[in-house]
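1. Just to be clear, the model below is a prediction. Sequence and coordinates:
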Amino acid sequence: MTDATAGADSRPGPFTLSASAEMLFTDRPMVERIRRIHDAGFAVEIWDWRRHDLAGLESLAADGVVFTSMTGYTEGTLADPDGAAMLLRTAEQSIAVARRIGAWALNLHGTGLDGSGLPVVPVDPEVGVTEQMWATARHTLRRLADLAERHDVVYVLENLNTAVDHPGTPFARAADTLDLVRGVGSDHLRLNLDLYHAQIGEGNLIALCREALPWIGEIQVADVPGRCEPGTGEISYAGIARALAAMGYAGVVGLEAFASSDPDLALSRFREAFTR
C-alpha cells in the first residue's frame, strides 16, 4: 500500500498535514494553488479530477508535490443497483488517475454531489434510508473495497452534514459511515472522518474519534460556524490534536476549509493547531 506520508515536505508533529487546493488561494490558477500549498510545507488534496490538467498534476507530483487524496468517483450512488454500477465504473477510472499522480486515498460519499454540494439522488424525507438501501450500500462498498485491493489503493467514506451543507444526503452522519465501513471490514475501505461535518451533525468529537480510530483513513477539519480554518470558530482543534496524538493516530489531517482572510494565515493557524 502506498504510504501517504512519503515525500511530504514536513512532518513537524505526529500527523501528515494536507490542505485542499479547491478551497484555498481560489483567486489563482489551480497549478499555482497547489504549488503555494506545497511550498508552505503541506501535502495537497483535490476533488474531481476531470476538472484538472492531468499532465500538469503528474508534473507537480514528479516535482515532489504529495497528493494525499482526491475524489474517487465521478458519477453514481451507493444504494441502488444502477447507481452502484456507475459508481464502480467511474471508480475504476478514478483509480487510474490516482495511480498517475500518487494519490493514496480516494474519497467517496453516500451519493454523488452536484456543483452546489446537493445529492444527485436525495433521500425522500418521508421514507428515509430504507433497509434495502442499507443492504445495497454495504454490497456496493464490499465490491469497491475489492476493487481497491486489486489496485492497492484505499477508498475513504466521508461523513457529511445535512443541516447546513448537504441536505438530503443518505448515509451522511459519522455514525452511518462508521457502521458501513466497520461492516465491510477491509483495509482498503476506511473512514474520512470530517470533524466539521460531525460537529454540526453530532458533536462530541473526541469521543467520536476514539470510537472510530481503528477505521480512520483520514481526518478532515474546518471550524464551525463558517467552515474556515481552526481558531475561527467553536471547535478546540488544539485539544483534539492532543487527544488524537494520545490515541496513537499518526495519519493524514486535511484542512478542507476556506480561509477566513489570508490563505497563508489559514495554513499557519492549521499548522499551529496540529503541531503544538
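-> Nice, thanks for sending it over.

2. element containing the residue of the chain positioned farthest from its centre, please.
-> Distance from the centre of the chain peaks at E126, with 29.3 Å (C-alpha atoms, centre = their mean). Using DSSP states H and E, E126 maps to neither a helix nor a strand.

3. With E32 instead?
-> Assigned by DSSP H and E, E32 falls within helix 30-39.

4. What mean pLDDT does that helix get?
-> Throughout helix 30-39, pLDDT has a mean value of 98.

5. Beyond it, next helix or strand please.
-> Of the helices and strands lying after helix 30-39 in sequence (DSSP H and E), the nearest is strand 43-45.

6. okay, the angle between the helix or strand following that following strand and helix 30-39?
-> Following strand 43-45 in sequence order, the next helix or strand is helix 54-62 (DSSP H and E). Here helix 54-62 runs at 10 degrees with respect to helix 30-39, directions being taken by axes from the mean of the first three to the mean of the last three C-alpha atoms, to 10 degrees.

7. what comes into contact with the next helix or strand after helix 54-62?
-> Proceeding N to C from helix 54-62, the next assigned helix or strand is strand 67-71, under DSSP H and E. With contacts defined as C-beta atoms under 8 Å, 6 or more residues apart in numbering, strand 67-71 is touched by 4, 16, 18, 43-49, 57, 61, 94, 97-98, 101-107, 156, 192, 218, 252, 254. Where C-beta positions appear, they are placed from N, C-alpha and C, glycine not excepted.

8. go again using 6 Å as the cut-off
-> 4, 18, 43-49, 101-105, 107, 252 (C-beta atoms under 6 Å, 6 or more residues apart in numbering).

9. With stretch 108-122 instead?
-> The contact list for stretch 108-122, computed with C-beta under 6 Å, 6+ apart, reads 72, 75, 77-78, 155, 157-158, 165-166, 168-172.

10. Pick the one among those residues closest to E229.
-> D165 (16.9 Å; C-beta to C-beta).

11. That closest one: what's it in contact with?
-> G117.

12. For it, what are phi and psi?
-> phi -100, psi -40 (degrees, to the nearest 10).

13. Give me the pLDDT for it.
-> Looking at D165, its pLDDT reads 95.

14. re earlier: output the contacts of stretch 108-122 as a markdown table; include the columns secondary structure and distance to L208.
-> Shown next, in a markdown table, are the contacts of stretch 108-122 (DSSP: H, G, I helix; E, B strand; the rest coil; distance: C-beta to C-beta, whole Å):
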| residue | secondary structure | distance to L208 |
| --- | --- | --- |
| G72 | coil | 23 |
| E75 | coil | 30 |
| T77 | strand | 25 |
| L78 | coil | 22 |
| Y155 | strand | 20 |
| L157 | strand | 15 |
| E158 | strand | 14 |
| D165 | coil | 18 |
| H166 | coil | 18 |
| G168 | coil | 23 |
| T169 | coil | 18 |
| P170 | coil | 20 |
| F171 | coil | 16 |
| A172 | coil | 14 |
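
15. Which two of those have the greatest separation?
-> Using C-beta to C-beta, the contacts of stretch 108-122 reach their maximum pairwise distance at Y155 and G168, which is 22.5 Å.
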